[in-house]
Each structure stands twice: as C-alpha cells, then as structure tokens.
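J.: pasting a predicted model and its sequence here:
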Amino acid sequence: MRVEAERMARMVTQLLILARSDANVTATHEPILIEDVVADVCSQRYPTDSEATLECRGLDSLKGALVWGNSDYLKQLFLILLDNAFKYTAADGKVEVIGCLNGGAVAITVADTGIGIAPTDLPYIFDRFYRAENARFRLGAGLGLAIAQRITEQHSGRIEVESELGR
C-alpha cells in the first residue's frame, strides 16, 4: 500500500507540474546541492523484491556542486526517470544512477538493462501521451518523460536518451 500511495502522490505532483507549465507558472529557484537531491532520490526509490537492483554511484564527485533550481521539481524529474527504468527492466536486471561533473556542468545518468527503445520511437518519447509499441504492455499514460523534459527545460538543462531495442 505504501508503494502504491507513493506512486499516486507522484502522479498527482506530475499532473500539477504539467498544469503549471501549461500556465507558464515557473517554480521558485534557489541554489541547491545537487548531491543531496540525487542521494535523497536514491534512498527514496528503493526497489521492491520483484524489481531490478539499484546502484547509485559517483555522487561523491558532486560534493559541493550547486545548481540553480527547485529541489522538489528536480526530485520529481529523477523519480520519473527511475520509475521508467524500473518499469521496463526485468527483476534480474540493473538500474544505475551515475553522477559526474563535466567541466562546470553536472551530469546525472540513469541507465538500465531494460527492454530498450526502437530507433523509430526515439524522436517521440518526450511527446505527451506517446507510448512506444514495446512499452504498451505496462500501465502508464505517456506523461512521465514529457514532464521530465519540461522540468529539465525549466532548469536550463538538457535531457537526452540513448537506447536500442534489447539494451
């Protein structure tokens, strides 16, 4: 029940983020220690027995790195990415969150050993309500990645995907 309640709370938050972005309401930004945000998300999104393993690494390289943003929205962004990774990765698979600094930029990678995305679907995965053919076997509305992209844009960031079927 706890896991389902957390999922529903995230869904409501996601819908609010979309509604606010449609109304051009921007979240309050402040300096944030990104290591704390990512570490909090890693500790918040622990896998269940029927999910892949989670490994968070490289977070110590983010020590002291500040980003200008909204911690609630950034947590939501990373939770969306983790939820997707777990949703499409088998229980014997692996999900990783990797932090690193590239010059003056922070890079957070969420990688998984899931089903992958076909090249024909890649240009559309950030569109609202889009669901790739091989992803329709799972519940979802096709909003998560659209929200993730919007949060990233609000933080002057970039979100990218690299994938192929089966990887």
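T.: Arrived safely, thanks for sending. Numbers count the residues shown, from 1 in each chain.
J.: what's the local residue count around Cys56?
T.: Residues lying near Cys56 (other CB atoms under 10 Å) number 18. Where C-beta positions appear, they are placed from N, C-alpha and C, glycine not excepted.
J.: Glu35 is in contact with that one, correct?
T.: No. Applying CB atoms under 8 Å as the test, Cys56 and Glu35 come out as separate, 10.6 Å apart.
J.: need the overlap of contacts for those two.
T.: Gly99 (CB atoms under 8 Å, 6 or more residues apart in numbering).
J.: longest helix of the chain?
T.: In the chain, taking DSSP state H as the definition, the longest helix is helix 2-22.
J.: other SSEs contacting that helix?
T.: Judged by 3 or more CB pairs under 8 Å, 6 or more residues apart in numbering; DSSP states H and E, the packing partners of helix 2-22 are helix 71-87, helix 144-154.
J.: let me have those in TSV, adding mean pLDDT, distance to Ser163 and mean neighbour count as columns.
T.: Listed next are these as TSV, based on pLDDT from 0 to 100; distance: least, CB to CB, whole Å; neighbours: other CB atoms under 10 Å:
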stretch	mean pLDDT	distance to Ser163	mean neighbour count
helix 71-87	92	11	21
helix 144-154	91	12	20
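J.: need these in CSV with distance to Thr113, can you?
T.: As requested, those are exported to CSV (distance: least, CB to CB, whole Å):
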stretch, distance to Thr113
helix 71-87, 9
helix 144-154, 19
